[in-house]
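>>> sequence first, predicted model second:
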Amino acid sequence: MKKEIFLATGLVLSICVSGSTPEKEPGRNTEHETVLETKTSINLTENFQTPAKVVSPGEKLFKDKGCTVCHQLNTKLVGPPLKTIATAYTNNKKGLVAFLKDSGKPIVDPSQASVMHPQIAITKALPANELDAIVDYILSIK
Ligand code: HEC
C-alpha cells in the first residue's frame, strides 16, 4: 500500500516537472524565436509578390477602410479588381475623386453601383489628403 502511494506520488511529481518544463526561460525563448522566424518569412514572401516593397499610405488606408474586403488587385471579388478600376480612370484622376466624393457617376460596373454606394459615405468623409492618397494608390495599379 505504501509503495503504491510512493509510486503515485512519483508519477504526479514527474508529470508536474515535465509539464512545467516549457514554462522555464530557455523553453520560452525557443518559442519566441520560432514565432519571430515565422513572421520574417511571411514578410519576405509578401515582398516578393508585391513589387512595391513599402506599403504606401494610400494602400494602407485602402486596407484600413475595409475596401480590400471587396476589391483585390487582379481578381474580381464582390467589386471589380483594382486594375480594372485603374484602367477605367486612366488620366482621369478628377473623375475618380469625384466618384469617391459622391459627385460623379460609376463608369466601371454601374449595374452594381448600389453595392458600392454605401462605401462612398466613408470616402467622402475622408480628409482631402487621405482621399488623395487612396486615389493615387488605385491609379498606381498597372
Ligand atoms: C461591399 C463591397 C465593397 C466595398 C467594401 C467597397 N467596394 Fe468599391 N465597388 C464595389 C462594387 C460592387 C463596385 C462596382 C460598382 C461600381 O462600379 O460602382 C465597386 C466599384 C468601385 C469603384 C469604381 C467606381 C466606378 O466608377 O464604377 C471604385 C473607385 C471603388 N469601388 C472604390 C472603393 C473604395 C475606395 C472602397 C473603400 C472605402 C471600396 N470601393 C469599398 C464594392 C465594394
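Sure, I can see it. Note that the structure is predicted; figures quoted are calculated from it, not measured.

>>> what does the helix or strand residue 59 falls within contact?
Assessed by DSSP states H and E, residue 59 sits inside helix 57-64. Applying Cβ atoms under 8 Å, 6 or more residues apart in numbering, the external contacts of helix 57-64 come out as 52, 68, 71, 126, 130, 133-138, 140. All C-beta spots, glycine's among them, are computed from the backbone N, C-alpha and C.

>>> now do 7 Å
68, 130, 133-134, 136-137 (Cβ atoms under 7 Å, 6 or more residues apart in numbering).

>>> ok, stretch 122-141 next?
56-59, 61-62, 65, 73, 82-83, 85-86, 89, 93, 96-97, 100-102.

>>> near the ligand, anything from that stretch?
Yes - Stretch 122-141 comes into contact with the ligand (Cβ under 6 Å from any ligand atom), by way of 122-123, 134.

>>> quick one: which of those residues is most hemmed in?
The most neighbours of any of those, using other Cβ atoms under 10 Å, belong to residue 134, which has 23 neighbours.

>>> buried sites along the helix or strand harbouring that residue?
Assessed by DSSP H and E, residue 134 sits inside helix 128-139. Within helix 128-139, the residues that count as buried by 16 or more other Cβ atoms under 10 Å are 130-131, 133-135, 137-139.
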